[in-house]
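Trainee: sequence first, then the predicted structure, then my questions.
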Amino acid sequence: MSAWERWSLHLAALITALSGLTYGWTRYFGQHLGEFGPEPHPLQGLFQHAHVLAGPVLLFLLGMTLKGHAFPAVSVGKTKGRKAGLGLIAILAPMVLSGYALQVCVDPRWRTAFAWIHGPLALLFLLAYFAHLFTTRRRALRTRPAEVMMEFRTHP
């Protein structure tokens with residue numbers, strides 16, 4: 001992966017994760033009692049829109065990453081660092097489809113079911129994403145520390 005692809009993927013993942021976490025927090029814990037009953041958090045809509053807009057950008061960049069990073073690594077038989085990466089690939093489809101279903105379903109029961117699928121899978125995806133970054137960076141530092149540190153300094 002080029003530095004541009006790597007950093008744009010990380011930025012899109014960060015924006016999507018932060019907007020999703022803040023939306024979830026305001027949705028489920030940010031309600032307050034108004035004059036006529038419970039009211040949503042004033043920023044809930046903003047975080048939801050940010051998450052819905054950032055999600056497709058992240059999905060596009062993940063598709064580029066699959067084509068340029070994951071598929072070549074699997075095709076050449078690379079065995080190190082594959083557990084978290086393959087976990088990311090396995091979680092991706094149900095997470096994306098449940099997020100899409102949340103946007104188009106109108107029945108509250110189905111929306112609740114898809115929210116219970118999307119939320120935990122998104123948290124699991126985030127953990128696997130960080131695990132993949134941590135294990136690959138740690139392994140690279142162990143095998144070729146000078147090159148990795150130089151690459152880290154020269155690519156913002």
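Mentor: On my side now, so go ahead. Residues are numbered from 1 along each chain as shown.
Trainee: drop to CA atoms for contacts and neighbour counts, all remaining ones
Mentor: OK.
Trainee: got the contact list for His58?
Mentor: Residue 58: Leu, not His. 9, 12-13, 16 (CA atoms under 8 Å, 6 or more residues apart in numbering).
Trainee: neighbours around Ile89, how many?
Mentor: 15 (other CA atoms under 10 Å).
Trainee: so what does the helix or strand hosting it touch, helix or strand wise?
Mentor: If you go by DSSP states H and E, Ile89 is part of helix 82-104. Packing contacts for helix 82-104, counted by 3 or more CA pairs under 8 Å, 6 or more residues apart in numbering; DSSP states H and E, involve helix 108-143.
Trainee: buried sites along the helix it packs on?
Mentor: Buried positions in helix 108-143, judged by neighbour count with 16 or more other CA atoms under 10 Å: 111, 114-115, 117-119, 121-122, 124-126, 128-129, 131-133, 136.
Trainee: let me know the pLDDT of the residue located most distally from the centre of the chain.
Mentor: What lies farthest from the middle of the chain is Glu35; by CA atoms, centre = their mean that is 37.3 Å. For Glu35, the pLDDT comes out at 86.
Trainee: same question for Ala93.
Mentor: pLDDT, Ala93: 91.
Trainee: just give me the neighbour total for it.
Mentor: Using other CA under 10 Å: Ala93 sits among 12 other residues.
Trainee: so it versus Met1, what's the distance?
Mentor: According to CA to CA, to the nearest Å, Ala93 stands 22 Å off from Met1.
Trainee: now Leu18
Mentor: In terms of CA to CA, Leu18 sits 24 Å off from Met1.
Trainee: where are the low-confidence patches of this structure?
Mentor: 71, 74, 76-83, 136-156 (pLDDT under 70).
Trainee: okay, now the domains of it?
Mentor: With automatic domain parsing as the criterion, the domains of the chain are listed as 1-76, 79-156.
Trainee: ok so, going back, so for Leu18 and Met1, which sits in the more crowded spot?
Mentor: Taking neighbours as other CA under 10 Å, Leu18 and Met1 compare with Leu18 leading, 15 against 10.
Trainee: the more buried one sits in which helix or strand?
Mentor: With DSSP H and E as the test, Leu18 turns up in helix 3-29.
Trainee: go on, Phe47?
Mentor: With DSSP H and E as the criterion, Phe47 is inside helix 44-65.
Trainee: and that helix, how far out from the chain's middle?
Mentor: 9 Å (CA atoms, centre = their mean, to the nearest Å).
Trainee: okay, the angle between that helix and helix 82-104?
Mentor: If you take axes from the mean of the first three to the mean of the last three CA atoms, to 10 degrees, helix 44-65 sits at 140 degrees to helix 82-104.
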